[in-house]
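Visitor: 3D, please:
(one chain, ligands or ions: 1)
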Amino acid sequence: MPEQPELTIQGWGPRPATPGDESPDGVLTKAARRYLTRELGWEPRATPPAAVEEIRLAPCRLPEEDRAALAGLLGEDHVRTDRDARLRRTGGKSYLDLLRRREGDASDAPDAVALPGTTEETAALLALCSERGVVVVPFGGGTSVVGGLAGVDPDDRPVLAVDLSRMASVQALDVPSSLVTVGPGMRGPALEQALAREGLTLGHLPQSWEYATLGGYAATRSAGQSSTGVGRFDELVAGLTLATPSGVLELGHPPASAAGPDLLGLALGSEGTLGVITGLTLRVRPKPTASSYEGWSFRTWAAGLAALQQLARHDLLPDVVRLSDTDETRANLLMAAGAGARALRGSLRARGRGEGCLLVVGWEGVPDLVRARVRAASSLLRDGGAVRLGRRVGDSWRRHRFEAPYLRDRLLDGGLLVETLETAATWTALPAVYDATRRALQESLARGGHRPLVMAHVSHGYATGASLYFTVIADRDDALPIQQWLSAKRAATDALLAAGGTLTHHHAVGADHRPWLEREVGPLGVEVLRAVKQRLDPHGVCNPGVLLPD
Ligand SMILES: Cc1cc2nc3c(=O)[nH]c(=O)nc-3n(C[C@H](O)[C@H](O)[C@H](O)COP(=O)(O)OP(=O)(O)OC[C@H]3O[C@@H](n4cnc5c(N)ncnc54)[C@H](O)[C@@H]3O)c2cc1C
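Guide: Predicted coordinates for the structure are as follows:
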């Protein structure tokens, strides 16, 4: 397996070259620049990131005796305090993270980085840090978008990033039981490559797939682009090992157990607050031998939602379901370059459709079943007023599915605010949640005379409802860029919760959502979580800046 590249300190990438690529290195196409200038009243300007050498980093606060004790456990090479190691484990990849790093601010950097190689080493490290008052922040791929790696500690203790990249191999493969046991630092591409040799797949494909880790997925309850069919990551975890300052827990008993409440559920989504996930047993499936990806068009968002609801009711939702609202459809049509975009524009014109709302659907599996599911779902989509745009549109989406974060770097270079947020709601509440969130974002970001672009799509479907994923692009307020986004995010979160949405569908709580956690789980719920933390992490060293409110 060739070594995968590391994320850049101030953005995404480096991007792999693809044949026939019309926008190398995520370059903003002329069409996109024209569209955004017109739509946002944006004046493109050069706002490049500070040089990496100029990023400000505070001196390491980890006492030498603690560093030496950690090195005694892990080996000198596996405890690092150098500038590059610390900068590469600073924060995640939210808009605010990127803004800070681009401005040369790494004040949230960990004091040191530890790289344990086994569960035993991790457990010993946690016991030592608990005893000595060193905060531990597990670091997977570093792709958190909710401040999950912020390393904030109310007691201002030294912070140790625990990088899991040394635990990144397949430990066991049980083909008859469709189970694979892996290290938490493994990334999706490496696992898929190993499974493909046995004709298997995990099928978890978030947009951050190239860089995020399996431990990170479990710690945040991630959802991938095919999760409607394959299941969310938490549904794919059959068991895991959690090293805590109080000992090691082995959780989950496949295929099924009724021995009391499911403790595995406590570890999933725990975001490093209870300890470090050091091993995972995952459910895998045969690699699909057939696939079909298609584009469809609806005249309106409401018609699209109603059709998805019908598919859900009849258990006919495809594995991939992405319904874009009119603004997102228009932006995609006008900003995209290349054959896929041309095909889509041509297809819509030929069918006498304006822009409408684009639906991308994908099915995977054995040929007979894929054919039958496509046929049944297509009939319901037609009944719902959709027009089929064909496979080129679906295939084009599939080919470009990981590209948006590379483009984001270029948009940031040009002086734009670019961020996303997500929620989920029942089919009944979904239209109100959509309207309220959009309105809140638009009103907040319109202050100061800006003309924000707020776009949304349904990204995952369930029998009971769906998730909504918002993308926001606006001219950046160069004087107060952080406050500009914080105000919009606050307004949107208040609005979506008031309308009946969930605090998050798959990005997790992190530092950014924790003021609102009590509104979703209630004060008693927060107390229960605190009690569990107190038992496993009595000195509160495990990622104290996330999940639980102050
Ligand atoms: C461009 C982009 C696209 C994204 N697309 C998606 C998407 O499609 N779907 C989705 O769900 N998310 C998405 N995300 C969010 C992010 O990729 C996910 O939250 C992912 O699960 C984080 O994995 P990671 O390995 O990078 O974890 P990190 O960012 O390193 O950590 C995330 C949190 O989990 C904790 N953690 C990490 N590893 C462990 C461990 N082994 N034990 C205990 N705690 C641990 C960390 O302390 C932190 O609190 C996206 C992010 C970006 C930047």
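
Visitor: Tell me the first helix or strand C-terminal of the helix or strand Leu412 falls within.
Guide: For Leu412, the element it lies in under DSSP states H and E is helix 404-413. Tracing the chain past helix 404-413, the next element assigned as helix or strand by DSSP H and E is strand 416-426.

Visitor: Now do the same for that following strand: mean pLDDT, whole number.
Guide: Looking at strand 416-426 alone, the average pLDDT works out to 98.

Visitor: hang on, the earlier thing: output the helix holding Leu412 as CSV, restricted to C-alpha atoms.
Guide: Coordinates of the C-alpha atoms in helix 404-413 are reproduced here as CSV (Å, rounded to 0.1, in the frame of the first residue of the first chain):
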residue,chain,number,x,y,z
ALA,A,404,-15.3,20.0,-2.7
PRO,A,405,-12.7,20.4,0.1
TYR,A,406,-9.9,21.0,-2.4
LEU,A,407,-12.0,23.7,-4.0
ARG,A,408,-12.8,25.2,-0.5
ASP,A,409,-9.1,26.1,-0.1
ARG,A,410,-9.2,28.1,-3.3
LEU,A,411,-12.4,29.9,-2.3
LEU,A,412,-10.8,30.8,1.0
ASP,A,413,-7.8,32.2,-0.9
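
Visitor: what's it packed up against?
Guide: For helix 404-413, the helices and strands in contact under the criterion 3 or more C-beta pairs under 8 Å, 6 or more residues apart in numbering; DSSP states H and E are helix 95-102, strand 416-426. Backbone N, C-alpha and C define where each C-beta goes, glycine included.

Visitor: Ok, which of the ones you listed comes nearest the ligand?
Guide: strand 416-426 (7.8 Å; C-beta to the nearest ligand atom).

Visitor: relative to helix 95-102, how tilted is the helix holding Leu412?
Guide: For helix 404-413 against helix 95-102, the angle by axes from the mean of the first three to the mean of the last three C-alpha atoms, to 10 degrees is 60 degrees.

Visitor: so how far is helix 404-413 off the chain centroid?
Guide: From the chain centre to the centre of helix 404-413 is a distance of 16 Å (C-alpha atoms, centre = their mean, to the nearest Å).

Visitor: Just the buried positions in that helix, please.
Guide: By neighbour count with 16 or more other C-beta atoms under 10 Å, helix 404-413 contains the buried residues Pro405, Tyr406, Leu407, Arg408, Asp409, Arg410, Leu411, Leu412, Asp413.

Visitor: export the top helix by length along the chain as CSV, just CAs?
Guide: Taking DSSP state H as the criterion, the chain has its longest helix at helix 517-536. Below are the C-alpha coordinates for helix 517-536, written out as CSV (Å, rounded to 0.1, in the frame of the first residue of the first chain):
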residue,chain,number,x,y,z
LEU,A,517,-26.2,19.5,24.0
GLU,A,518,-28.5,19.9,27.0
ARG,A,519,-31.3,21.0,24.7
GLU,A,520,-31.2,17.7,22.9
VAL,A,521,-30.5,15.2,25.8
GLY,A,522,-31.9,17.1,28.7
PRO,A,523,-30.2,18.1,32.1
LEU,A,524,-30.6,14.5,33.4
GLY,A,525,-29.1,13.1,30.2
VAL,A,526,-26.0,15.4,30.7
GLU,A,527,-25.7,14.2,34.3
VAL,A,528,-25.7,10.6,33.2
LEU,A,529,-22.9,11.3,30.7
ARG,A,530,-21.0,13.1,33.4
ALA,A,531,-21.4,10.2,35.9
VAL,A,532,-20.0,7.8,33.3
LYS,A,533,-17.1,10.1,32.6
GLN,A,534,-16.4,10.5,36.3
ARG,A,535,-16.1,6.7,36.7
LEU,A,536,-13.8,6.1,33.7
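
Visitor: contacting residues around it?
Guide: Contacts of helix 517-536 with the rest of the structure, by C-beta atoms under 8 Å, 6 or more residues apart in numbering, involve 244-246, 249, 266, 273-275, 497, 502-503, 509, 540, 542, 547-549.

Visitor: The same query, at a cut-off of 6 Å, please.
Guide: Applying C-beta atoms under 6 Å, 6 or more residues apart in numbering, the set of residues contacting helix 517-536 from outside is Thr244, Ser246, Thr273, Leu274, Leu497, Leu503, Val509, Pro549.

Visitor: Check stretch 89-106 too.
Guide: The contact list for stretch 89-106, computed with C-beta under 6 Å, 6+ apart, reads 10, 49-50, 54-57, 87, 108-110, 113, 139, 142-145, 148-149, 161, 419, 481, 485.

Visitor: Can you pull the phi/psi pair for the closest residue to the ligand within the chain?
Guide: Nearest residue of the chain to the ligand (C-beta to the nearest ligand atom) works out as Gly216 at 2.1 Å. Listed backbone geometry of Gly216 is phi -60, psi -40, with angles given as degrees, to the nearest 10.

Visitor: Spatially, what comes nearest to it if we skip its sequence neighbours?
Guide: The spatial neighbour of Gly216 that comes closest, neighbours along the chain excluded (C-beta to C-beta, 6 or more residues apart in numbering), is Gly140 at 3.1 Å.

Visitor: Same check on Ala69?
Guide: Leu128 (5.9 Å).

Visitor: ok, so what distance separates the one you found from Ala71?
Guide: Using C-beta to C-beta, to the nearest Å, one obtains 11 Å as the distance from Leu128 to Ala71.
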